[in-house]
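**Student:** need a structure here:
(chains A and B)
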Amino acid sequence: DSGVTQTPKHLITATGQRVTLRCSPRSGDLSVYWYQQSLDQGLQFLIQYYNGEERAKGNILERFSAQQFPDLHSELNLSSLELGDSALYFCASSRDGGANYGYTFGSGTRLTVV
Amino acid sequence: GDSVTQMEGPVTLSEEAFLTINCTYTATGYPSLFWYVQYPGEGLQLLLKATKADDKGSNKGFEATYRKETTSFHLEKGSVQVSDSAVYFCALSDRYGNNRLAFGKGNQVVVIP
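**Tutor:** Residues are numbered from 1 along each chain as shown, chains lettered A, B, ... in the order given. Okay, here's the model as predicted:
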């Protein structure tokens, strides 16, 4: 157990639908990062939050949004889903931006859009 | 911006063979360097790290040395096992920039008995 908890582990949904992925960071970590991993695109950074505020955006689609709550858990919302959104979505957390200790990753949510 | 480049393509080798995965980086400051491993069906796990030049990170028989002169952080293991089959990612952290990890594309390693 890495200390980063992601739910659900698996999600199957239809095109056009909306889903919410949840992440609880490791205790004491203020930063949360979301990544998408697909076979053809590799590991893509989506978005970062630090203590409730958005800190950086990567290759995140406008159909996707995220937030970090006061208790530091984070949710990634994916809407108007397309077949191409099928991927593994990882959450990671850190306490120092990763400079000295890197990130701690969760085990991921596998999203399948049918 | 800061970036990491890993050698192209999967790596297939026999058990007990020597493994090297190349990683080079581009950074304006003095980054920390990391290797992560992803076993099938799991998330990424930190394998080893080095935070300054000439540091050697090591874990589970894997080693990598932070070479500032060649901007490299190659991963090595002297004798691989089937259980080392995984995807390996090199990453760097620019602590003076956006303070975020930049990952390489990853290398699939397959160890054949």
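**Student:** CA atoms for contacts and neighbours, from now on please.
**Tutor:** OK.
**Student:** what residues are up against residue 94?
**Tutor:** Picked chain A for this. By Cα atoms under 8 Å, 6 or more residues apart in numbering or on different chains, the contact list for A:S94 reads A:26, A:29-32, A:101-104.
**Student:** I was after chain B.
**Tutor:** By Cα under 8 Å, 6+ apart, the neighbours of B:D94 are A:99, B:2, B:27, B:29-32, B:100-101.
**Student:** One more: A:I47?
**Tutor:** Contacts of A:I47 by Cα under 8 Å, 6+ apart are A:33-35, A:54-60, A:66.
**Student:** what about 10 Å?
**Tutor:** Applying Cα atoms under 10 Å, 6 or more residues apart in numbering or on different chains to A:I47 gives the contacts A:32-36, A:54-60, A:64-67, A:76, A:91.
**Student:** now swap in A:R22 and tell me
**Tutor:** A:5-9, A:66, A:68, A:73-77, A:91, A:108-109 are the contacts of A:R22 under Cα under 10 Å, 6+ apart.
**Student:** do B:K56 as well
**Tutor:** Neighbours of B:K56 in contact, by Cα under 10 Å, 6+ apart: B:48-50, B:63-67, B:73.
**Student:** ok, now B:A53?
**Tutor:** B:A53 sits next to B:30-33, B:65-69, B:71 when contact means Cα under 10 Å, 6+ apart.
**Student:** That one and chain A, how far apart?
**Tutor:** B:A53 sits 14 Å away from chain A, taking Cα to the nearest Cα, to the nearest Å as the criterion.
**Student:** Now the residue positioned nearest the centre of chain A: closest residue in space that isn't a chain neighbour?
**Tutor:** Taking Cα atoms, centre = their mean as the criterion, A:W34 is the residue nearest the geometric centre of chain A, at 3.1 Å. Excluding its sequence neighbours, the residue lying closest to A:W34 (Cα to Cα, 6 or more residues apart in numbering or on different chains) is A:C91, at 4.6 Å.
**Student:** Correct me if wrong: that neighbour contacts A:S24.
**Tutor:** Yes. Taking contacts as Cα atoms under 10 Å, A:C91 lies within contact range of A:S24: 8.5 Å.
**Student:** Settle it for me: which of these two has more neighbours?
**Tutor:** Counted by other Cα atoms under 10 Å in any protein chain shown, A:C91 and A:S24 do not tie: A:C91 has more neighbours, with 31 against 22.
**Student:** Report the separation between A:R63 and chain B.
**Tutor:** On the measure of Cα to the nearest Cα, A:R63 and chain B end up 24 Å apart.
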